[in-house]
Structures are given as C-alpha cells and as structure tokens.
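Colleague: The sequence isn't on hand, but the structure is:
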C-alpha cells in the first residue's frame, strides 16, 4: 500500500506572489515598449486608457455597494477631460491650460448637484451621490493626468521630454509598493493601520522607504543626464522619501475606498494585482507631488 502523502498545493501567498510577479513583468514590458517608442500618442494612449478603466471600476464598485452616484455623467466628464487634455499635449502644449482644469472641476460640482435635483432627498443619500461623483473625477482623471504633465511639461529633448522623469517616478512608486510587500511578507509583525489595511506593517513601511531609495538613487546614478530635471542628489533623496510616504498613503487611500465599499479589488484585469485602480492608486498621489516639487522648488524649471 502506497503511504506516500500527496504534495500539498501551494499556499495562497505563493500563488498570489507568482501571479503578481507575472502581472508586474507584463506591465513593465508594456511600459518599456511605450517608453522606447517615444511616440507621444502612445504615452497619452496608455495614460488615458488607465484613467478610463480605473474610473469605470470606481463607479462599478459604487453601484455594487448600492451607493447612489451618476456614473454616466462621471464617465462622460472623464472622457471629455481626457480628450481635451490629449488635444493640448499632442499639439505641442507643455501643460493643460488652467481654465480647462477650472471648467472641469466646475462641471463636476455643478453637474452632480444638477443631476441630484431630479431625485427626492433621502437623508445622507443625496449628499453621498454628489460627493462620490465629484470624488471620482478628482481622485482618478484629475490626479493621474499629472503623469501626462510630467511627460510633456518638463525640460528635455524629443517629443516626450519628461519621459525619463515619468519612468523614474513610476519606478520609485512601484519599488515602494514592492518593498512594502516583500518586507512585510517576510518579516512583518507590527501592524501599521489594521483598521484600514490589516496586511500593512511598520516593517513593510521601512522596506518601502529602502526600496524607494534603491530605485530613485539607482536610476539617477545610471541616467544623470536624462534625469537632470531632478537637479541634484539631495533632491533625489528627498523626493525618494517624500514619494515613498505618498505611495503608501495612496495605497491606503484606495484601501479606504475598497473597505468602505466592501470590495477586495477594484477589478480583475491583472491577476495578483487587481484592476486598473489597484495599479495606479499610488501614482495618483506621487505624480502630482513630483510635478509640484519640480516646478515650484527647483530653479532650473522656473
């Protein structure tokens, strides 16, 4: 009689790790292909596609949680903002005119309130419908469009002058996420914010800070000329820590949204990672911060 025990199936953590790794490699392959193409339309196409996918996921999560909102209006406003922004960037403009942002925010607020006029007031539901719709625009298309501002609005050569800086902020952000995940999985013991994200630990946070510096300083050492917009080593180090903290906050911000809506992932587009919003949540916080830092604080960009 054969008494050999069958090989146990891989643990859930192992499966998630390999799925996450495969998805990450696929994503980096896509980013690398677009990066080396240096086609402005390819950069904008990826940014706009991620915005539209993530925005749709956001409104789907709201509807599944039976939170009243105005998804068709939100998606229409998002698509219009993306098209108008893309028009300016593809026609040689370094930034979206401030009036475009102002009009978009104005339409988000007035449009949501106007649509709510059709329905009776049922306690907090009316305010939630307006607030959730406005948040959908500010949180995803408005913040993530700073990736395009970095690509086209910084000094440099070629049709996409800020391409290397965009690559840098993506690398720092994703290495932060990866560092937190690896370190937390291996040695994480002390919970960071268990009421929001039970898996986050302080050990993982320290790993995130280390990995962010590894990516930021490593790329700057390899490509000092292409990353001259970062100005000097001390700015690179400061930005590495600043962006790491914001990447963690961005990840936790999405955790707030998902836990409030009882959703595990924003979608299932990427095995082991989730949906589009799971992919860009941290970049929605780090890209604007990098842009503000470079434009406001560095003399070579004044």
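Modeller: Here it is on my side, so go on. Everything numeric here is computed off the predicted structure, so don't read it as measured data.
Colleague: what phi and what psi does the backbone show at residue 160?
Modeller: Torsion angles at residue 160 (phi, psi; degrees, to the nearest 10) stand at phi -130, psi 80.
Colleague: what's the distance between it and residue 142?
Modeller: 21 Å (C-beta to C-beta, to the nearest Å). In this view, the C-beta of every residue, glycine as well, is placed from N, C-alpha and C.
Colleague: Tell me which of these two has more neighbours.
Modeller: Neighbour totals were compared for residue 160 and residue 142, and residue 160 leads with 24 against 20 (other C-beta atoms under 10 Å).
Colleague: Next up, the contacts around that one.
Modeller: 38-40, 43, 151-152 (C-beta atoms under 8 Å, 6 or more residues apart in numbering).
Colleague: Next step: these restricted to helices.
Modeller: Cross-referencing the contacts of residue 160 against helices under DSSP state H gives 40, 43, 151-152.
Colleague: Residue 125 contacts residue 116, doesn't it?
Modeller: No - between residue 125 and residue 116 there is no contact under C-beta atoms under 8 Å: 9.5 Å.
Colleague: Looking at those two, which one has more neighbours?
Modeller: Legend: neighbour count by other C-beta under 10 Å for residue 125 and residue 116, higher for residue 116 (18 against 14).
Colleague: right, and that one touches residue 126 too?
Modeller: Yes - using C-beta under 8 Å, residue 116 is in contact with residue 126, at 5.5 Å.
Colleague: Under the pLDDT cut-off, which ranges of the protein? List them.
Modeller: 1-24, 270-273, 299-302 (pLDDT under 70).
Colleague: quick one, longest helix in it?
Modeller: Under DSSP H, the chain gives helix 233-260 as its longest helix.
Colleague: Helices along the stretch 151-300 of the chain, start to end?
Modeller: 163-187, 202-222, 233-260, 276-280, 283-297 (DSSP state H, counting those that start in this stretch).
Colleague: of these, which approaches residue 98 most closely?
Modeller: Closest to residue 98 of those, according to C-beta to C-beta: helix 283-297, at 13.0 Å.
Colleague: I'd like to know which elements the longest strand belonging to the chain is packed against.
Modeller: Determined from DSSP state E, the single longest strand within the chain is strand 197-201. Other elements packing on strand 197-201 under the criterion 3 or more C-beta pairs under 8 Å, 6 or more residues apart in numbering; DSSP states H and E are helix 163-187, strand 191-193, helix 233-260.
Colleague: For the longest one, buried residues please.
Modeller: By that I understand helix 233-260. Using 16 or more other C-beta atoms under 10 Å as the test for burial, helix 233-260 gives 235-236, 239-240, 242-248, 250-255, 257-258.
Colleague: what does the first one give?
Modeller: Taking 16+ other C-beta under 10 Å as the basis for neighbour counts, the residues of helix 163-187 that come out buried are 163-185.
Colleague: returning to what we had before: list the helices and strands the longest helix of the chain packs on?
Modeller: In terms of contacts (3+ C-beta pairs under 8 Å, 6+ apart), helix 233-260 is packed against helix 40-64, helix 163-187, strand 197-201, helix 202-222, helix 283-297.
Colleague: I'd like the ones you listed laid out as JSON lines, including distance to residue 98.
Modeller: Conversion of those to JSON lines gives the following (distance: least, C-beta to C-beta, whole Å):
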{"stretch": "helix 40-64", "distance to residue 98": "20"}
{"stretch": "helix 163-187", "distance to residue 98": "22"}
{"stretch": "strand 197-201", "distance to residue 98": "35"}
{"stretch": "helix 202-222", "distance to residue 98": "30"}
{"stretch": "helix 283-297", "distance to residue 98": "13"}
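Colleague: Relative to residue 27, which of these is closest?
Modeller: When the helices and strands packed on helix 233-260 are compared (using C-beta to C-beta), the closest one is helix 163-187, at 8.6 Å.
Colleague: Work out the gap between that closest one and the centre of the chain.
Modeller: Mean-position distance between helix 163-187 and its chain equals 12 Å (C-alpha atoms, centre = their mean, to the nearest Å).
Colleague: still on that earlier bit, could you save the contacts of residue 160 as TSV and add columns showing distance to residue 106?
Modeller: As requested, these are exported to TSV (distance: C-beta to C-beta, whole Å):
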residue	distance to residue 106
38	35
39	33
40	28
43	28
151	26
152	24
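Colleague: Residue 190: which of the residues you listed is nearest?
Modeller: For the contacts of residue 160, the nearest to residue 190 is residue 151 (38.5 Å; C-beta to C-beta).
Colleague: what's the neighbour count on residue 108?
Modeller: 24.
Colleague: what's around the nearest residue to it once chain neighbours are set aside, how many residues?
Modeller: Closest residue in space to residue 108, ignoring its immediate chain neighbours: residue 137 at 4.4 Å, by C-beta to C-beta, 6 or more residues apart in numbering. Residues near residue 137, counting by other C-beta under 10 Å, number 25.
Colleague: Kind regards, and thank you for your time.
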